[in-house]
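In: from the sequence below, what's the structure:
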Amino acid sequence: MDIYCISGLGADERLFKNLKIANATLKYINWVKPDKNDDISSYAEKLIPQIDQSQPFSLLGVSLGGVLAVEISSKINPKKVFVISSVKSTKEFPFYFKWMRWMKVKYLISARLLKSAKPLIELFFGKMSKADKKLISKMIDDADTIFTPWAAKAIIAWQSKDHLTPFHKILQIVGDKDLIFRHSNIKECIVINGGTHVMILDKALEIGKIIDRV
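Out: Take a look at the predicted model:
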């Protein structure tokens with residue numbers, strides 16, 4: 001089966017370099033340029049043409065990619081949706097997301113602001129090896145200066161369509177050291193011990209085995 005992978009904010013397919021899943025072919029969804037008025041739902045529509053729906057497929061998303069995988073699954077028919085280091089509903093957002101929405105923080109977000117926060121990588125994402133930190137830093141440097149601030153604003157403003165979301169198809173995997181999406185806010189998820197927000201890099205073997213079993 002093909003599994004279409006969607007990376008996180010400021011990242012690309014390099015995020016999945018350590019992920020191996022038996023009996024599946026990993027394919028990578030590329031970011032496309034958003035329109036000014038796009039929200040998460042309308043942007044998800046723009047990614048769907050990259051998916052071959054003529055044969056069975058699954059979706060796998062990390063962080064922002066997990067949100068987009070959920071949104072895409074409300075529009076088409078994947079066999080399974082793997083949500084990693086992310087949420088499947090706005091009901092699982094941490095309190096500070098709701099605070100940022102209320103304070104209209106999205107109007108302050110810019111490409112320059114996001115790149116200036118790069119020295120705080122480990123504060124946001126958790127402890128990581130020098131190699132992984134270097135990779136994350138490089139992906140942030142390479143990130144599109146239009147897409148990145150749009151995406152940060154869009155995820156804050158996201159309104160999940162829970163009545164359309166196929167929750168029975170979703171397998172959610174979250175790390176107990178994730179500083180962005182706390183597993184304590186999430187019901188019915190698999191918790192990876194020692195997993196940070198970027199555990200797709202250093203816990204890829206464990207994550208791959210879980211997906212293999214499914």
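In: please make it C-alpha for all contacts and neighbour counts, starting now.
Out: OK.
In: return the list of helices and strands in contact with the longest helix belonging to the chain.
Out: Secondary structure of the chain per DSSP state H: the longest helix is helix 130-142. Other elements packing on helix 130-142 under the criterion 3 or more Cα pairs under 8 Å, 6 or more residues apart in numbering; DSSP states H and E are helix 121-125.
In: residue most distant from the centroid, this structure?
Out: Distance from the centre of the chain peaks at S54, with 24.8 Å (Cα atoms, centre = their mean).
In: if we can go back for a sec, what is the subsequent helix or strand relative to the longest helix of the chain?
Out: helix 147-157 (DSSP states H and E).
In: helices or strands up against that next one?
Out: Using 3+ Cα pairs under 8 Å, 6+ apart, helix 147-157 sits against helix 95-102, helix 111-116.
In: what comes up buried for the longest helix of the chain?
Out: Within helix 130-142, the residues that count as buried by 16 or more other Cα atoms under 10 Å are K133, L135, I136, S137, M139, I140.
In: same question for stretch 207-214.
Out: So for stretch 207-214, counting by 16+ other Cα under 10 Å, buried means I207, G208, I211.
In: how about the contacts made by I51?
Out: Shown in contact with I51 (Cα atoms under 8 Å, 6 or more residues apart in numbering): Y4.
In: so where's the chain shaky on pLDDT?
Out: Where the chain drops to pLDDT under 70, the residues are 99-123.
In: the same query, at a cut-off of 90, please.
Out: 9-11, 22-23, 36, 93-130, 132-157, 179-180, 182, 184-185, 187-188, 214 (pLDDT under 90).
In: for I40, give its distance to G65.
Out: 11 Å (Cα to Cα, to the nearest Å).
In: quick one: secondary structure of the residue farthest from the centre of the chain?
Out: Put simply, S54 is coil when judged by DSSP: H, G, I helix; E, B strand; the rest coil.
In: for it, give its distance to L164.
Out: 22 Å.
In: hmm, who's touching stretch 167-185?
Out: Taking Cα under 8 Å, 6+ apart as the rule, stretch 167-185 contacts 79-88, 92-94, 124-126, 188-197, 199, 207.
In: a helix runs through L171, doesn't it?
Out: No - checked against three-state DSSP, L171 lies outside a helix; its state is strand.
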